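Visitor: I would like the atomic coordinates for the input below:
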Amino acid sequence: MMLLTVNSESNTYQRCCFIYVLVLLIDTASLHRLVEGVEGGSVVMPCSKRSIVLEEKHLTVHWRHNDTRNVYDIIQGEVSVKEQDPAYKNRAEVLAKELKKGQIFLKITDLQLSDRGTFLCFVPDLRLYHSTQLVVKEKLHVKSHGTGTSLGRTLHLLLLSGFILHFI
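Guide: Numbering: from 1, shown residues only. Predicted structure coming up:
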């Protein structure tokens with residue numbers, strides 16, 4: 001009977017340790033997030049759900065796309081584009097106002113279909129890893145039919161005029 005009690009205590013201890021480790025991992029490695037954008041548009045991706053308390057001059061942050069492309073770096077509080085992938089030149093930036101508040105957001109403008117994939121944010125001093133799945137949808141190109149108005153606007157007018165005629 002005593003052996004059964006020891007196993008039960010051991011099981012409880014193992015469960016508590018597992019939960020504690022899981023909480024630590026969730027705190028340092030945020031859960032995966034999904035962000036959607038449209039080709040030609042822009043998106044803002046967070047690095048973490050929590051506010052980061054670090055002096056700006058000591059902050060080091062790395063943003064990577066699909067583990068291979070260097071999107072943006074802040075090293076010791078200084079922006080470094082020395083090793084930035086040319087595809088992100090003049091399209092990627094960290095929002096400075098938010099950074100001062102302890103929030104790290106990466107903004108990508110002029111979205112390309114090739115931007116689809118996983119973006120990883122890594123803050124080494126905090127052992128913080130955060131991944132964001134970026135979905136870029138194709139921009140819909142609605143062709144006009146000679147009058148300079150788009151098909152969508154014409155359909156709306158036709159439906160509206162049909163409704164008014166039906167109502168009268």
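
Visitor: Can you show me the strands along this protein?
Guide: In order along the chain, the chain carries the following strands (DSSP state E): 33-38, 43-46, 61-65, 69-75, 78-80, 92-94, 105-108, 117-123, 128-137.

Visitor: for the first one, what is the average pLDDT?
Guide: When you say that, I think you mean strand 33-38. Averaged across strand 33-38, pLDDT comes to 94.

Visitor: Would you mind listing the buried residues in it?
Guide: Neighbour counts using 16 or more other C-beta atoms under 10 Å place Gly37 of strand 33-38 among the buried residues. C-beta coordinates here come from the backbone N, C-alpha and C atoms, glycine included.

Visitor: and if you look at the last one?
Guide: Judged by neighbour count using 16+ other C-beta under 10 Å, the buried positions of strand 128-137 are Leu128, Tyr129, His130, Ser131, Thr132, Leu134, Val136.

Visitor: is it true that the third one touches Cys47?
Guide: This points to His130. Yes - between His130 and Cys47 a contact is recorded at 5.2 Å, counting by C-beta atoms under 8 Å.

Visitor: Next, show the common contact partners of these two.
Guide: Shared contacts of His130 and Cys47 (C-beta atoms under 8 Å, 6 or more residues apart in numbering): Cys121.

Visitor: will you turn the strands of the chain into TSV that also has distance to Ile52?
Guide: Shown next, in TSV, are the strands of the chain (distance: least, C-beta to C-beta, whole Å):
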stretch	distance to Ile52
strand 33-38	16
strand 43-46	11
strand 61-65	9
strand 69-75	12
strand 78-80	17
strand 92-94	12
strand 105-108	11
strand 117-123	7
strand 128-137	8
